[in-house]
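1. turn this into a model:
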Amino acid sequence: MSFSEISEQSRTNLTENAYQAIKNAITTERYSTNQKLTYGDLEKSLRMSKTPIVLAMSRLADEGLVRAEDIIDFAGNHLARYKKSGRIEFVSSPPHTPSGKFLRRQLREPYWQGQDRKV
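-> Model prediction:
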């Protein structure tokens, strides 16, 4: 088994663990309706890094358990106006390297097509 296969399998297992833990906490009402959670809170309680949590949240959003509007509202109350996002899109399988690092340039590419300048 190659390093990239091991890395992919490990990332999948972590994502599945995060997904199950968060979904279980929501369905058993450990997290109440409209309770605001941060990635930092989830990292501490689940004892894992942000990447599997982000992927798990994307999956939960597909199922309707997490809403982008709630995240935007939360950011609006806790971030400066210039840092706040106008929209959030959940990507079920973001592009990544064999070691699991997100390829942000590829994620941004569709939004900058036809633009002279990419910020």
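2. show me the beta-bridge partners of residue 96.
-> Here residue 96 sits in beta bridges with residue 102, as judged by DSSP bridges.
3. what is the neighbour count of it?
-> For residue 96, the neighbour count with other C-beta atoms under 10 Å is 18. Placement of C-beta: from N, CA and C, glycine included.
4. same check, this time on residue 41
-> 13.
5. how about residue 82?
-> 5.
6. how about the helices in this structure?
-> Shown for the chain, the helices assigned by DSSP state H span residues 3-27, 39-46, 50-62, 68-78, 104-112.
7. those: which one's closest to residue 86?
-> helix 68-78 (7.7 Å; C-beta to C-beta).
8. quick check: end-to-end length of stretch 84-91?
-> 19 Å (C-alpha to C-alpha, to the nearest Å).
9. give me the contact list for that stretch.
-> Stretch 84-91 is touched from outside by 57-58, 61-62, 68, 71-72, 75-76, 107, with contacts defined as C-beta atoms under 8 Å, 6 or more residues apart in numbering.
10. low-confidence ranges in this protein?
-> 1-11, 33-34, 74-75, 119 (pLDDT under 70).
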